[in-house]
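*Asks:* okay, sequence plus prediction incoming.
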Amino acid sequence: MKTIGLLGGMSWVATVPYYTRLNELVAEQVGGNNSARILLYSVNYARLKNLYHHGWNQIPGIFEEEYKFLVDAKPDCIVLACNTLHKAFDIVTNRLPKNVPFFHAVHLTRDFCLQNGIKNPLFIGTSFTMSDDYFMLPLREAGINLTLPTELEQKTVQEVQIEVSKGKIDNNQKNFFSRLIDNYPNVDGVILACTELPLIAPLSSSRRPIINPSELQCQAAIKFALNS
């Protein structure tokens, strides 16, 4: 079994499900007492988060430093447990080691939509992700038409995400996301483009797929780890 490098801590609340899901997939596919071989490097997120709105130019360099720290531990592949920092990954990708496969959440989401004929999904993320192009542009370039929540809904999503990232989860948050998704009956899928959202949003629907990039990353990593 190959070793999966998990770059987490962004937030720590959203990192725990990655560890859990990777092991669940191994249990499902291999059984017995098998568990995933994981190198978890959890960074101090404040060092990066404090620069999001006033200092993004510093983030790629810090991210590169943290990424290479994990690479030095010699994982066979890497999963980044944070959608937003995929923007930093894309900026410094030419300076990162090429011999360690990286399971890119945005590319996996795009490919899932294309493979399953999803052309007009609802796109939900943080305010940053719903206003920046790092996640949305690759999907739009592939011909996927994204529907965004209203400005008021986006504001509430951001408020809820901040609470969840601190470990504060309640039924009001879950009910809000159920109502939000129900407000868009004409979309053919729902993309949860933030790692905290799967903790409070519905993960299945009889009417349209709920697309969880974290799940796609875990599936790709375990497929690599077990079949390489």
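*Replies:* Good, I have the coordinates. A quick note: this is a predicted structure, and the numbers were derived from the prediction, not measured.
*Asks:* send me stretch 16-29 as CSV with only the CA atoms.
*Replies:* The C-alpha trace of stretch 16-29 is given here as CSV (Å, rounded to 0.1, in the frame of the first residue of the first chain):
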residue,chain,number,x,y,z
VAL,A,16,-10.6,15.1,10.4
PRO,A,17,-13.1,13.8,7.8
TYR,A,18,-10.3,13.3,5.3
TYR,A,19,-8.5,11.0,7.7
THR,A,20,-11.7,9.2,8.5
ARG,A,21,-12.8,8.8,4.9
LEU,A,22,-9.4,7.5,3.7
ASN,A,23,-9.5,4.8,6.3
GLU,A,24,-13.2,4.0,5.5
LEU,A,25,-12.4,3.5,1.9
VAL,A,26,-9.5,1.1,2.7
ALA,A,27,-11.8,-0.8,5.1
GLU,A,28,-14.4,-1.1,2.3
GLN,A,29,-12.1,-2.1,-0.4
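*Asks:* output the contacting helices and strands for whichever strand or helix holds Tyr19.
*Replies:* Using DSSP states H and E, Tyr19 falls within helix 12-29. With contacts defined as 3 or more CB pairs under 8 Å, 6 or more residues apart in numbering; DSSP states H and E, the packing partners of helix 12-29 are strand 4-8, strand 38-42, helix 151-165, helix 213-227. Just so you know, the C-beta spots here come from the backbone N, C-alpha and C atoms, and that holds for glycine as well.
*Asks:* show me what counts as buried in the helix or strand of the chain with the lowest mean pLDDT.
*Replies:* Least confident helix or strand, the chain: helix 46-49 with a mean of 90, by mean pLDDT, DSSP states H and E. Buried residues in helix 46-49, defined by neighbour count with 16 or more other CB atoms under 10 Å: Leu48.
*Asks:* can you check stretch 64-76 too?
*Replies:* For stretch 64-76, by 16+ other CB under 10 Å, it's 64, 66-67, 70-71, 75-76.
*Asks:* quick check, nearest of these to Trp12?
*Replies:* Glu66 (14.5 Å; CB to CB).
*Asks:* show me what contacts the closest residue to that closest one other than its chain neighbours?
*Replies:* Nearest residue to Glu66 in three dimensions, chain neighbours excluded: Val43, at 5.1 Å (CB to CB, 6 or more residues apart in numbering). Applying CB atoms under 8 Å, 6 or more residues apart in numbering, one finds that Val43 lies in contact with 7-10, 66.
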